[in-house]
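>>> Sequence and predicted structure are below.
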Amino acid sequence: MMLELQEWGCHNINFVTPEHVVPQILAALPHAIDAGLCLPIVYNTSAYDSLDSLELMDGVVDIYMPDVKVWSRERGRRYLRMPGYADVMRAALAYDLGLRRLDRRSLASGFALAEG
């Protein structure tokens, strides 16, 4: 599917809220890259990510795109019924996933496109 998206002209592979499928992503990506995938990988998330998953994705993800829901424990409790959301989210935001490069068109670039 990643290669098909690349053939269609997509600018990136955008995994949305992928926390629960990180092992499958990591198993599939080497095969896709060997077959010619050269698009940037976007980790599009609710920012409620385990540091273990982020560590596994370190060096794999080109863009970490967290969608922060609330900033405080009180609002997490009130609006999400998750008082611990803010603590988990802040730890995830503090984790640096690296790359973030732009090509000559100001699009995120990864893999073989990094020089382009």
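On my side now, so go ahead. Values in this document were obtained by computation on a predicted structure and should not be read as measured data.

>>> secondary structure class for Tyr79?
helix (DSSP: H, G, I helix; E, B strand; the rest coil).

>>> I'd like to know which elements the helix ranked longest in the chain is packed against.
Longest helix in the chain by number of residues (criterion: DSSP state H): helix 22-34. Counting contacts by 3 or more Cβ pairs under 8 Å, 6 or more residues apart in numbering; DSSP states H and E, helix 22-34 packs against helix 2-7, helix 51-57. (C-beta placed from N, C-alpha, C; glycine too.)

>>> Please repeat the previous calculation with a cut-off of 7 Å.
Using 3 or more Cβ pairs under 7 Å, 6 or more residues apart in numbering; DSSP states H and E, the elements in contact with helix 22-34 are helix 51-57.

>>> For the helix it packs on, name the packing helices and strands.
helix 22-34.

>>> Now do the contacts for Ser53.
Taking Cβ atoms under 7 Å, 6 or more residues apart in numbering, we find Ser53 in contact with Glu19, Val22.
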